[in-house]
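1. fold the following.
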Amino acid sequence: MSTCVLAKSKLWALAFFSFLAMSVNAQTKWDLASAYPVSNFHTENLQQLAADVDKATDGKLKIVVHPNGSLFPANGIKRGVQTGQAQMGEVLISVLANENPIFGVDSIPFLATSFKESAKLWKLSKSATESALQKQGLKVVYAVPWPPQGLYSKNPINSGADMKGLKWRAYNPATSKIAELIGAQPVTVQVADLAQAMATGTINSMMTSGATGVDIKAWESLKYYYEVDAWLPKNILMVNQKAFDALDKPTQNALLKACAEAEKRGTRVSEEKTKMYNEVLAKNGMSVQKPSPQLKNDLDRVGRIMVAEWIRSAGDEGQKIIEDFKK
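-> Numbers count the residues shown, from 1 in each chain. I've put the predicted structure just below:
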């Protein structure tokens, strides 16, 4: 073989392997941190999102979902994304309310108590939420509500007076404040530790969704579930802004499109499964019922107090959100 042919062969081989190297380098892998079990509908939605992004980008962007607090505990996910230890993270936005009251607007008890009202409240508070997180280097790419929050307890509750002294699970400022107003003892427990906390008697009451109740098999420790429809908290999916900016434009667009679809899908599934979750609780022996008129009145009073307090903490911006919501 001539020297010229050998040289050409080497050039072709070099070009081929350079192409392979560029192809490998072109693939981007992202970690997505979540606090919820694999079987939870929020986690299932994230897994579908990852699959959709993989398909839409022809494998250029791979998203690996880390469920059940396996990458960071629930209260460490935002920090993990902010510092770039993970590129994406899903958080219950209200756990951040101590940073900024705007993050807690969806957990004001008895303000937005239906999916329609929840959507309206998010529309009014979305810009302020996105702006606050953007200043911290975080981009909001979707928000999906949980089913309405119900009241779980070991013993019957017929009025606010029956809640005094309860060991009450708290996971954000709103749930801690409820405990204070009803005379319960707040105990901070994140979702990954909830089943154990119930089994050991660390808590004997809480407000959370039917979805979480099913996830943790609440019926093994608690016997009563009241459909008080207290609020519909949202999970926010956020992206590290620098990581997002590093993607090329077609990949950014594919990601945002998949996130928009995931938001619609997650919201639809949350609404569809609300009744099913309550039926599963009842099937497994829990007493599922509406609150008594007295209990409802007592909880409504708590809600009115917390709306007023939230407006004071959120200032003019918060007051406008509430005023527009009530129109």
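2. could you use CA atoms for every contact and neighbour count after this?
-> OK.
3. packing partners of whatever helix or strand residue 118 lives in?
-> Element membership of residue 118 [criterion: DSSP states H and E] is helix 115-134. In terms of contact count using 3 or more C-alpha pairs under 8 Å, 6 or more residues apart in numbering; DSSP states H and E, helix 115-134 is assigned the packing partners strand 138-145, helix 293-326.
4. the helix or strand just after the first one: partners in the sheet, and parallel or antiparallel?
-> If you walk from strand 138-145 toward the C-terminus, the next helix or strand you reach (DSSP H and E) is strand 149-153. The strands beside strand 149-153 in its sheet (DSSP bridges) come out as strand 205-209 (antiparallel), strand 224-226 (antiparallel).
5. center of the chain, which residue is that?
-> For the chain, the residue lying nearest the average C-alpha position, counting by C-alpha atoms, centre = their mean, turns out to be residue 235 (2.1 Å).
6. quick check: phi and psi at it.
-> According to degrees, to the nearest 10, the main-chain angles of residue 235 amount to phi -90, psi 130.
7. got any ranges where this protein has weak pLDDT?
-> Scanning the chain for pLDDT under 70 picks out the ranges 1-26.
8. strands of that one, residue ranges please.
-> Under the criterion DSSP state E, strands of the chain are mapped to 28-33, 61-66, 88-92, 138-145, 149-153, 167-170, 185-188, 205-209, 224-226, 234-240, 287-289.
9. and the ones you listed, which is most packed in?
-> When these are scored by mean count of other C-alpha atoms under 10 Å, the highest mean neighbour count falls to strand 88-92 (a mean of 27).
10. now for that one, which elements pack on it?
-> strand 28-33, helix 77-82, strand 234-240.
11. what's the closest of these to residue 144?
-> strand 234-240 (5.4 Å; C-alpha to C-alpha).
12. just checking: what are the partner strands of the closest one?
-> Each strand that pairs with strand 234-240, with its direction, by DSSP bridges: strand 88-92 (antiparallel), strand 138-145 (antiparallel).
13. including distance to residue 290, could the ones you listed go into JSON lines?
-> Rendered in JSON lines, the data for the strands paired with strand 234-240 read as follows (distance: least, C-alpha to C-alpha, whole Å):
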{"stretch": "strand 88-92", "distance to residue 290": "26"}
{"stretch": "strand 138-145", "distance to residue 290": "21"}
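14. thought residue 142 was touching residue 239, still the case?
-> No - between residue 239 and residue 142 there is no contact, the gap being 9.9 Å when judged by C-alpha atoms under 8 Å.
15. tell me which residues in stretch 184-200 are buried?
-> Residues of stretch 184-200 classed as buried by neighbour count (16 or more other C-alpha atoms under 10 Å): 184-192, 194-195, 197-198.
16. out of the helices and strands packed on strand 88-92, nearest to residue 138?
-> Closest of those to residue 138 is strand 234-240, at 5.0 Å (criterion: C-alpha to C-alpha).
17. quick check: angle from the closest one to helix 115-134?
-> Using axes from the mean of the first three to the mean of the last three C-alpha atoms, to 10 degrees, the direction of strand 234-240 lies 30 degrees away from that of helix 115-134.
18. distance between strand 234-240 and the chain's centre?
-> 7 Å (C-alpha atoms, centre = their mean, to the nearest Å).
19. mind saving the C-alpha coords of it as PDB?
-> Taking only C-alpha atoms (Å, rounded to 0.1, in the frame of the first residue of the first chain), the coordinates of strand 234-240 have been written out as PDB:
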ATOM      1  CA  LYS A 234     -47.800  22.200  44.500                       C
ATOM      2  CA  ASN A 235     -44.600  20.500  43.600                       C
ATOM      3  CA  ILE A 236     -42.300  22.800  41.600                       C
ATOM      4  CA  LEU A 237     -39.800  21.300  39.100                       C
ATOM      5  CA  MET A 238     -36.800  23.600  38.900                       C
ATOM      6  CA  VAL A 239     -33.600  23.600  36.800                       C
ATOM      7  CA  ASN A 240     -30.200  25.100  37.500                       C
END
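20. relative to strand 28-33, how tilted is that strand?
-> Orientation check (the same axes, to 10 degrees): strand 234-240 against strand 28-33 gives 150 degrees.
21. distance of residue 93 relative to residue 57?
-> As defined by C-alpha to C-alpha, to the nearest Å, residue 93 lies at a distance of 29 Å from residue 57.
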